[in-house]
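Novice: sequence and predicted structure are below.
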Amino acid sequence: MNAAPRPVAITMGDPAGVGPEIIAKLFRRRPQWASRCVVVGDVEVMRRAAHVTGGRLPLAVIERWADAAQVPPGSLPVLPVAGLSAPVAWGRVSPMAGAAAIAAIECAVQAALQGDVAAVVTAPVHKEALHQAGLPYPGHTEFLQALAARHQGCPVAQMPVRMMLSNDELRTVLVSIHVSLRTAIEAVTLENVLETIRITDRHLRQVMGMAAPRIAVAGLNPHAGEGGLFGREEVDVIAPAVAAARAEGVDAHGPLPPDTVFMQARRGAYDVVVAQYHDQGLIPVKYLGLEHGVNTTLGLPFLRTSPDHGTAFDLAGTGRADPSSLEAAVAAALREPPLPRRPKPD
Ligand SMILES: NC(=O)C1=CN([C@@H]2O[C@H](COP(=O)(O)OP(=O)(O)OC[C@H]3O[C@@H](n4cnc5c(N)ncnc54)[C@H](O)[C@@H]3O)[C@@H](O)[C@H]2O)C=CC1
Ligand SMILES: NCC(=O)COP(=O)(O)O
């Protein structure tokens with residue numbers, strides 16, 4: 001008899017944000033995913049989320065990952081972790097909420113590293129809450145990198161990771177992530193840009209099955225520096241990184257003007273854009289619709305995806321948050337074909 005496939009772990013996110021309720025809405029929309037995915041988190045948080053999203057959604061509390069396959073369709077499967085000692089207010093930064101979110105992430109990542117789950121999907125966390133709870137990492141990406149490096153017994157520098165944001169029109173991978181713009185500019189080094197191109201190429205080939213991904217590399221400065229008139233990073237750093245990548249057989253192009261490279265990629269000229277800093281890459285993808293984007297961490301020893309949005313404290317507890325980005329993230333983790341677009345809600 002064939003063993004059931006390993007489930008995908010979905011962390012509940014910050015209990016004060018929209019994470020738990022978009023998870024509840026996801027399982028209403030996708031009742032059959034109840035035996036393929038398991039929510040890791042606080043049972044009462046998930047019960048509250050089921051309640052605010054309306055209608056019947058019974059919780060199926062399981063103790064072992066292997067029990068996931070027996071969860072009936074139409075329920076909300078939860079593997080409990082140490083959670084909240086009291087309910088938290090919706091939409092407020094709280095160290096207790098941050099600590100509960102951290103516990104869920106740690107549990108899911110350990111399961112992935114031990115091979116108990118096939119992938120991890122993370123619901124949004126509030127970065128100030130993580131900080132108030134004492135986490136020394138700004139977001140999931142850096143935290144997951146640290147957990148994975150510790151598991152493999154290597155320094156984090158030997159496990160470089162990058163953030164990719166994608167939808168059905170664009171993909172972008174960032175040279176730096178959660179740092180100030182000043183620090184991000186300093187991070188535009190030959191080593192970092194080249195490593196980003198390499199990680200991107202490897203992911204698109206090995207995970208996404210592309211034979212020869214076409215990688216556009218954005219410049220840092222207006223018009224990619226205009227031949228050095230508006231800054232020298234393109235001449236001194238980015239062009240040599242692209243040349244080094246090409247010498248390794250990577251189909252890298254650039255540096256290209258950042259204001260038009262995304263338009264070119266969207267028209268099909270490139271498979272992915274390497275962006276020099278967080279907002280350069282994330283604005284074009286999010287602008288195409290928050291509900292379609294998926295955040296993927298490249299370079300980890302397991303697959304991790306996430307919706308592209310945050311905790312949306314302004315919507316938390318209303319039941320109005322859209323679960324579509326989470327749905328796309330879970331579909332990617334289940335390695336299902338990309339989802340067709342849904343009509344925009346009124
Ligand atoms: N993967 C993660 O854990 C992420 C966490 N964050 C964190 O979330 C916190 C809040 O970040 P913000 O910049 O306010 O961005 P946000 O994405 O939480 O909210 C931005 C805007 O988008 C709307 N929005 C977000 N998700 C939505 C949904 N599912 N349906 C409908 N509307 C939605 C919000 O109502 C708000 O108007 C921050 O601490 C940030 O660092 C941000 C992005 C990703
Ligand atoms: N802007 C993306 C974001 O903040 C998500 O970060 P992470 O928690 O996935 O590292």
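Specialist: Done, it's in. Ligands and ions are numbered 1, 2, ... in the order given.

Novice: do a quick rundown of the strands in this protein.
Specialist: 8-11, 37-41, 59-61, 76-80, 119-122, 162-166, 171-174, 214-218, 251-256, 272-275, 294-298, 303-307 (DSSP state E).

Novice: hmm, who's touching the second one?
Specialist: Outside of strand 37-41, the residues that reach it under the criterion Cβ atoms under 8 Å, 6 or more residues apart in numbering are 7-13, 15, 20, 23, 46, 62, 65, 68, 71, 76-81, 83, 100, 104, 107-108, 111, 117, 121, 330, 334. C-betas here are computed from N, CA, C, even on glycine.

Novice: and it, does that touch ligand 1?
Specialist: No. Figure legend: strand 37-41 not in contact with ligand 1 (Cβ under 6 Å from any ligand atom); closest approach 13.9 Å.

Novice: just want the angle from that strand to strand 76-80.
Specialist: Counting by axes from the mean of the first three to the mean of the last three Cα atoms, to 10 degrees, strand 37-41 lies at 40 degrees to strand 76-80.

Novice: distance check, Ala149 against Val40.
Specialist: To Val40, Ala149 is 21 Å away according to Cβ to Cβ, to the nearest Å.

Novice: partners of Thr296 in the sheet?
Specialist: Note on Thr296: beta-bridge partners Met164, Thr305, judged by DSSP bridges.

Novice: please name the residues that touch the residue nearest to Gly310 when sequence neighbours are not counted.
Specialist: Spatial nearest neighbour of Gly310, chain neighbours left out: Pro124 (4.8 Å); criterion: Cβ to Cβ, 6 or more residues apart in numbering. By Cβ under 8 Å, 6+ apart, the contact list for Pro124 reads 13-14, 17-19, 306-307, 309-312.

Novice: before we move on, back to that, more neighbours, Ala149 and Val40?
Specialist: Taking other Cβ atoms under 10 Å, Ala149 and Val40 do not tie; Val40 has more neighbours (28 against 19).

Novice: show me what contacts Arg30?
Specialist: 327, 330.

Novice: list phi and psi for it.
Specialist: Note on Arg30: its backbone torsions stand at phi -120, psi 70 [degrees, to the nearest 10].

Novice: roughly how far does the closest residue to ligand 2 within the stretch 101-250 of the chain sit from Ile102?
Specialist: Ranked by Cβ to the nearest ligand atom, the top residue of the stretch 101-250 of the chain for proximity to ligand 2 is Gly139, at 2.9 Å. From Gly139 across to Ile102, the span is 12 Å (Cβ to Cβ).

Novice: please name the nearest non-neighbouring residue to the residue of the stretch 101-250 of the chain closest to ligand 2.
Specialist: His178 (5.3 Å).

Novice: wait, the one you found touches Phe143, no?
Specialist: No. Using Cβ atoms under 8 Å, His178 is not in contact with Phe143, being 10.8 Å away.

Novice: compare neighbour counts for those two and give me the winner.
Specialist: Between His178 and Phe143, Phe143 has the larger neighbour count (other Cβ under 10 Å), namely 20 against 16.

Novice: check contacts around the more buried one.
Specialist: Contacts of Phe143 by Cβ under 8 Å, 6+ apart are 102, 105, 130, 135, 137.

Novice: mind redoing it with 10 Å?
Specialist: Phe143 sits next to 102, 105-106, 109, 122, 125, 130, 135-137 when contact means Cβ atoms under 10 Å, 6 or more residues apart in numbering.

Novice: could you identify the most distant pair in the residues you listed?
Specialist: Farthest-apart pair in those is Thr122 and Pro136; separation 17.8 Å (Cβ to Cβ).

Novice: out of those two, which sits in the busier spot?
Specialist: Thr122 (30 against 9).

Novice: flag every buried residue along the helix ranked longest in the chain.
Specialist: If you go by DSSP state H, the chain has its longest helix at helix 95-114. Residues of helix 95-114 classed as buried by neighbour count (16 or more other Cβ atoms under 10 Å): 95-105, 107-109, 111-113.

Novice: equivalent analysis for stretch 234-241, please.
Specialist: Buried-residue list, stretch 234-241, by 16+ other Cβ under 10 Å: 234, 237-239, 241.

Novice: list of residues touching it?
Specialist: By Cβ under 10 Å, 6+ apart, the residues outside stretch 234-241 that reach it are 175, 188-198, 217-221, 223-228, 232-233, 242, 252, 254-257, 274, 276.

Novice: please repeat the previous calculation with a cut-off of 6 Å.
Specialist: 188, 190, 193-194, 219, 224-225, 228, 255 (Cβ atoms under 6 Å, 6 or more residues apart in numbering).

Novice: can I have the buried ones of those as a PyMOL selection?
Specialist: Remark: buried members of the contacts of stretch 234-241, expressed as a PyMOL selection using 16+ other Cβ under 10 Å:
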select buried, resi 188+193+194+219+224+225+255
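
Novice: quick one: which of the contacts of stretch 234-241 is nearest to Pro58?
Specialist: The nearest member of the contacts of stretch 234-241 to Pro58, counting by Cβ to Cβ, is Val193 at 50.3 Å.
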